[in-house]
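Got a predicted model here, sequence first, then my questions.
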Amino acid sequence: MVHSSVLGFPRIGANREIKKVVEAYWAGKVSAEEVTKTAAEVRMSNWTELKQRGVTYLPVGDFSLYDHVLDHSAAFNAIPKRYQGQGLNALDTYFAMARGHQANGVDVPAGEMKKWFDSNYHFLVPELDETTDFKLNYNKALEEYNEVKALDKDSRPVVLGPITFLALAKATKEAREGFQPISLLPKLLPVYKQLLSELKAGGASWVQLDEPILVTDLGASFESQFVSAYQELVPVSPNIMLATYYGRLESNVNFLNKLPVAGVHIDLDRAPQQLDSAIAALSSTQIGLSLGVVSGRSIWKTDFQAALKLVEKATSALGPERVVVSTSTTLLHIPVTLANENKLTEEQKDWFSFALEKASEVATIAAAASGSQDAKVSAALEANRTSIAKRREFEKNSDDSIRKRVASIRPEDYERKNPFSVRREAQKKLNLPKFPTTTIGSFPQTKEIRQARAKLGKNELSEVEYEEFIKKEIESAVRFQERIGLDLLVHGEPERNDMVQYFGERLNGFVFTQNAWVQSYGSRYVRPPIVVSDVSRKGPITVQWSRYAQSLTSKPMKGMLTGPVTILNWSFPRVDISRELQAQQLALALRDEVIDLEAAGIKAIQVDEPAIREGLPLRRADWDAYLGWAGNTFKLATAGVKNETQTHSHFCYSDFDDIFPQIQRLDADVISIEASKSDLKLIKTFKRYGYSNSIGPGVYDVHSPRVPPTEEIKERLKAMLEHLDQSLLFVNPDCGLKTRGWKETEASLVNLVNAARWARENYA
Ligand code: MET
Ligand SMILES: [Zn+2]
């Protein structure tokens, strides 16, 4: 009998229950008990659904109110000192670590967030040093295991593995020079042992330890730690399923059989070819193999025949008892269910599978691989064959004019006509002062804005009325910026539901969902559009808003577009043609938009590419190919403008060490980057590489409602100016302000403008 499992499930609730209750708690509108109750309801409903669909091993312990890595830090008492002794209870300490806390005399910033592997999910980076006092504050895996017990006894607790946890951590500011988090492994293992033995005593027969670090180049450097850690854990633990996902194990597969674990999970969606090496590595052992044949990263229906081929290969080599059919990764990255979609056509719906549908897929594939004669199973196989055939037919459609345009891109289309030194002179026309202040594009997406959009959707507001409303918003954003004295203005993006969705909706080739939300970080969810066919522009996308905004002011207005790589990475791409080709199609559409903006009198145009870095392949060997096409598409989108048009780009991360030459190659006139939470290593990197274009390192964090005092911003500017050429520095926040309220936005930007004024006086 081949069993089935799901490695993890979306924790947001089918109707975004968690977002609603958590945000209400932050606003002081509901109690902590209410949060706990809703969370338990969401979990129970997920488990019930998974069980009904026939999944053998239900995941438990993977739920989170904000982020599972943060849960881990909190449970293991890896709580940085700044959050301790502040008089906050456990839940508020947890949220303070997540998003900062500024009330009743307490003022602590949030921890640093990073993108989780190559996804758009953000985790909170654990902060550790020699004084970290690991202990088990609570055992979430056990609590959830007990919670589901009445419904199901085979649930499989999910726990982030010790090596990945330490590999993702960073040293605190107080840590000794050269401190490596992995050095804490001996101190951490006893706590893992306690956690695992409690699970065992509680009756769990399996536990899933997630070690995705094994699919990265870093994984190999931890071989000895893996071996010693797992040798210590196994004797006290339930059977361990060591889960690797998001990519290829490569040579790491060779030490898996030295780990006395009971099972290993591999991702066969991203790396189907690794099945052979995994079978070879495990065949002489008793270790079981879990096959990630149902993608946890894409929303396309699984081709059962292709999946069954892989499963059968494994069952004939290892025997069915040692094989589990599973999702390739946790299902965190895809929406909860297709059942909530009423606007997709029947044809479209038939192409997709979301989390619950993927759960049915693993159960069906496992049943088919077990030789089930159940009529339901054969019907599901037959239906899948028909769906896949129909989709293959649809995929044959292509738009020849777009394909031809891509094929005829010339090398010179990627380059500006003159180097930055020449362009910079031409751009003096913008009349920006020294240390120009600007923002990254969006202003608060208020309740009024969201309501107006909802009304437009329900036809309670006409197109004309909505347009008037947006114009008023733009006007007040412009007046606000003039009033507080910003230099390079933005229109504020009130018309955008989302920086990717808005563009997708105005391009051919995408389809949209109504409720297909995916967690990006904490209570922020996104609804990625889906690329289904060739992409082209329907007509101008942003021109009318930028033109209107510019008409209101004599200060320069910055046009605002989302870049090709970001649109692609934050959508669900097609899997039948390359991502490169999809990005090229997007780039050509954006190139036309950039040129139209310029023609409409917009003198600065920002093309945001926050997703370039997270799209980096997990293996360095794949980087050049990716960075090559990704960089080219940005250049293709922006290089068509005149010297006097200032191009900007924006990246909300600070980790440029490895990709610097590629960022330089983009040749944007100005880049703005996230910098407020990283140390000055970032700025030094720019100096070391001799970055010569303008740069705006973010001076404050936008993920937290905290208002940065002017002094703090001045200190940052001072530190930056020790390393950067004065004439190149722009002053801006880390990222857009759409998730913030107006109150803190105004207070923060006033401080930012004051700090820039101070710099002008002091660095004359
Ligand atoms: C995630 S990057 C966001 C850039 C966008 N222009 C904004 O300000 O919202
Ligand atoms: Zn950003």
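Sure thing, it's come through. Everything numeric in this text was worked out from a predicted model, so none of it was measured. Ligands and ions are numbered 1, 2, ... in the order given.

For the residue of the stretch 201-350 of the chain found nearest ligand 2, which residues are in contact?
When distances are taken as C-beta to the ion, the stretch 201-350 of the chain approaches ligand 2 most closely through His333, which lies 19.8 Å from it. All C-beta spots, glycine's among them, are computed from the backbone N, C-alpha and C. Residues touching His333, when contacts are defined by C-beta atoms under 8 Å, 6 or more residues apart in numbering, comprise 119, 121, 296-297, 518.

do the same with Ala369
2, 308, 311-312, 315, 320, 323, 325.

What's the PyMOL line that selects buried ones from the residues you listed?
For anyone working in PyMOL, the buried entries among the contacts of Ala369, judged by 16 or more other C-beta atoms under 10 Å, can be selected with:
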select buried, resi 2+308+311+315+320+323+325
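
Widest-spaced pair of the contacts of Ala369?
Using C-beta to C-beta, the pair of the contacts of Ala369 lying farthest apart is Leu308 and Pro320, separated by 12.7 Å.

re the thing from before, and the contacts of His333, which of them are in strands?
The subset of those located in strands under the criterion DSSP state E comprises Val518.

which one of the contacts of His333 sits closest to Gln584?
The closest of those to Gln584 turns out to be Arg297 (C-beta to C-beta; 21.9 Å).

List the residues that contact the closest one.
With contact taken as C-beta under 8 Å, 6+ apart, Arg297 is in contact with 119, 246, 269-270, 328-329, 333-334.

hmm, try it at 6 Å
Applying C-beta atoms under 6 Å, 6 or more residues apart in numbering, we find Arg297 in contact with His333.

Once you drop chain neighbours, what's closest to the closest residue to ligand 2 within the stretch 451-600 of the chain?
For the stretch 451-600 of the chain, the nearest residue to ligand 2 under the criterion C-beta to the ion is Met499, separated by 8.7 Å. For Met499, the nearest residue in space outside its immediate sequence neighbours is Thr562; the separation is 4.8 Å by C-beta to C-beta, 6 or more residues apart in numbering.

residues in contact with that neighbour?
Under the criterion of C-beta under 6 Å, 6+ apart, the neighbours of Thr562 are 499-500, 503, 608.

go on, Ser536?
Taking C-beta under 6 Å, 6+ apart as the definition of contact, the neighbours of Ser536 are 402, 508, 589.

out of those, which is most surrounded?
Tallying neighbours with other C-beta atoms under 10 Å puts Ala589 at the head of those, with 24 neighbours.

how far away is the nearest residue to that one once chain neighbours are set aside from Lys447?
Nearest residue to Ala589 in three dimensions, chain neighbours excluded: Arg537, at 3.9 Å (C-beta to C-beta, 6+ apart). Going from Arg537 to Lys447 by C-beta to C-beta, to the nearest Å gives 32 Å.

The two - which one has more neighbours?
The residue with more neighbours, out of Arg537 and Lys447 and counting by other C-beta under 10 Å, is Arg537; that gives 19 against 9.

give me every residue that touches the residue nearest the centre of the chain.
Here the mean C-alpha position of the chain is nearest to the C-alpha of Asn120 (C-alpha atoms, centre = their mean), at a distance of 1.2 Å. Residues near Asn120 by C-beta under 6 Å, 6+ apart: 520, 570.

tell me the mean pLDDT for the helix or strand Glu144 falls within?
In this assignment (DSSP states H and E), Glu144 forms part of helix 140-148. The predicted model assigns helix 140-148 a mean pLDDT of 98.

which residues sit against it?
By C-beta under 6 Å, 6+ apart, the list of residues contacting helix 140-148 reads 47, 60-61, 75, 155, 157, 159, 198-199, 202, 204.

Please put the alpha-carbon coordinates of that helix into CSV.
Output in CSV follows, covering the C-alpha atoms of helix 140-148 (Å, rounded to 0.1, in the frame of the first residue of the first chain):
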residue,chain,number,x,y,z
LYS,A,140,3.4,23.6,19.1
ALA,A,141,3.8,20.3,17.2
LEU,A,142,2.6,18.4,20.2
GLU,A,143,-0.2,20.7,20.9
GLU,A,144,-1.5,20.5,17.3
TYR,A,145,-1.0,16.7,17.3
ASN,A,146,-3.2,16.5,20.3
GLU,A,147,-5.7,18.8,18.8
VAL,A,148,-6.3,16.6,15.8
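
and the residue of the chain found nearest ligand 1, helix, strand or coil?
Proximity of the chain to ligand 1 (C-beta to the nearest ligand atom) peaks at Gly736, 1.9 Å away. The three-state label for Gly736, taken from DSSP: H, G, I helix; E, B strand; the rest coil, comes out as coil.

got the residues of the stretch 501-650 of the chain near ligand 2?
For the stretch 501-650 of the chain, the residues in contact with ligand 2 (C-beta under 5 Å from the ion) are Pro610.

quick one: low-confidence ranges for the stretch 501-650 of the chain?
Across the stretch 501-650 of the chain, not a single residue meets the criterion (pLDDT under 70).

Up against ligand 1, what does it have?
Where the stretch 501-650 of the chain comes near ligand 1, counting by C-beta under 6 Å from any ligand atom, the residues are 560, 608, 610, 650.

State the pair within the residues you listed that is farthest apart.
Comparing the members of these, the greatest separation, given C-beta to C-beta, is between Met560 and Pro610, at 12.8 Å.

neighbour-wise, which of these two wins?
Each of Met560 and Pro610 had its neighbours counted (other C-beta under 10 Å), and the higher figure belongs to Met560 (28 against 25).
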